[in-house]
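In: Need coordinates for the below:
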Amino acid sequence: MKLNVDLGDKSYPIYIENNILDRASDYIAKVFSGRRVMIISDDNVYPLFGERLKRSLSGSFDCHELVLPHGESTKAFKTLPVVYLALLNARLTRSDLIIALGGGVIGDLAGFAAATYLRGVNLVQIPTSLLAQVDSSVGGKVAVDLPQGKNLAGAFYQPALVLIDPLVLDTLDERFINDGMGEVIKYGCIRDAGLFHTLETHSSFADLKEELPAIISSCVDIKRNVVEHDQFDTGERMLLNFGHTLAHTIEQYHNYRRESHGEAVAIGMYQITKLSEEQCLTAPGNAGRILELLKQYRLPYECGIPLRELTEVIELDKKNLNGRLNIVLLREIGNSYVHPTTIDFFKRNLRTI
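Out: Next comes the predicted model:
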């Protein structure tokens, strides 16, 4: 299955195929004519897929690898010198290639390194988590975290190619599957009531297995369409942030050690929809449908944090411009919109969420 992100001279293909990892060299050769490749991965993913990827590439490319510790703490600004030094030691030039092999952390970190090393080198994304496959590997948002918040140092840097192999998800622990389902549910909420209904009519991720490539494709296609209309996140693309205004603050509250990103998004989607229903900005009953679906896919819907403790971090959010905060709300499932407001949206009911 092939999709194409149409961004003029920054356009790129996305391939979704079982076992595509074994044919990665063929696809990469279509978009990259250089010789030297640096694979950036982590110590969970590389032992599973790194050598397999290198075997595919070894006949055509000079391969190097950098294996980093797994986890959100790796996606920190302080990790960048480690990455840059590895690129320098491998003698990567602007005509060479970085491959991000991993989940969202590696995709964001390697992407930001690709955007900034020598003012930009070629990038290929090979996402190995459900969350990265349906969301973060597509669209060109790359970033690292600062101590003050998530993704506060970043860039828009499109890859040359995205390769998605649904079969690699078989190696994921249940929590990481659930994590990705948070983003899948998000796409149903913002743009695809049919996808949301499909999720409602299945009992678990395992029950969705046969439909998984189509579900991944549906999510990617929504993101592709949104990115084509708004590459730099100034309008329609903000819809992809549904649930994220709260999610990022929830993740940071426990220093990224408790809720995963998808779990925090799940909480954020439900809680912000509950708030917007109370303010008559969302039709009644939608928060309840989200709640039931989160329970069905074993995702959290509350975190036990007082809203007053989250509002200070929300005020630092990238979407808070000149005292105005753009948040994403639902009119109903499948129909989302950007609502300009202020921090008072969250302060009207300072309960524990």
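In: Next, give phi and psi for residue 306.
Out: The phi/psi pair for residue 306 (degrees, to the nearest 10) reads phi -60, psi 130.
In: can you count the residues close to it?
Out: Using other CB atoms under 10 Å, residue 306 has 11 other residues around it. From N, CA and C alone the C-beta is placed, and that goes for glycine too.
In: List the beta-bridge partners for it.
Out: On the basis of DSSP bridges, residue 306 is bridged to residue 352.
In: Can you name the residues that contact the residue nearest to the spatial centre of the chain?
Out: Of all residues in the chain, the one closest to the mean position by CA atoms, centre = their mean is residue 136, 2.7 Å from it. Shown in contact with residue 136 (CB atoms under 8 Å, 6 or more residues apart in numbering): 103-104, 107-108, 127.
In: Now do the buried residues in stretch 58-69.
Out: For stretch 58-69, a neighbour-count test (16 or more other CB atoms under 10 Å) marks 61, 63-68 as buried.
In: How about residues contacting it?
Out: Stretch 58-69 has contacts (CB under 8 Å, 6+ apart) with 25, 28-29, 35-43, 46, 50, 54, 57, 74, 79, 82-83, 86, 90, 92, 97, 106, 109.
In: Just the strands from this protein, written as ranges.
Out: Ranges of strands within the chain are 2-5, 12-16, 36-42, 62-68, 97-102, 122-127, 141-146, 149-156, 161-164, 320-321, 324-332, 335-341, based on DSSP state E.
In: Okay, now the sheet partners of the second one, with direction.
Out: Neighbouring strands of strand 12-16 in its sheet, by DSSP bridges, are strand 2-5 (antiparallel), strand 161-164 (parallel).
In: that older thread, will you turn the buried residues of stretch 58-69 into TSV that also has pLDDT and distance to residue 5?
Out: Listed next are these as TSV, based on pLDDT from 0 to 100; distance: CB to CB, whole Å:
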residue	pLDDT	distance to residue 5
61	95	24
63	96	26
64	97	27
65	97	27
66	98	26
67	98	29
68	98	27
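In: Among these, which one sits closest to residue 293?
Out: Taking CB to CB as the measure, residue 293 lies nearest residue 68 of those, at 33.8 Å.
In: Quickly list what the closest one is bridged to.
Out: If you apply DSSP bridges, the partners that residue 68 bridges to are residue 42.
In: Any regions of the stretch 201-350 of the chain where pLDDT drops low?
Out: Counting by pLDDT under 70, the stretch 201-350 of the chain shows low-confidence ranges at 316-323.
In: where do the helices sit along the protein?
Out: Taking DSSP state H, the helices of the chain run over residues 24-31, 51-57, 80-89, 104-116, 130-131, 174-191, 193-200, 212-229, 244-253, 261-278, 286-296, 311-314, 344-347.
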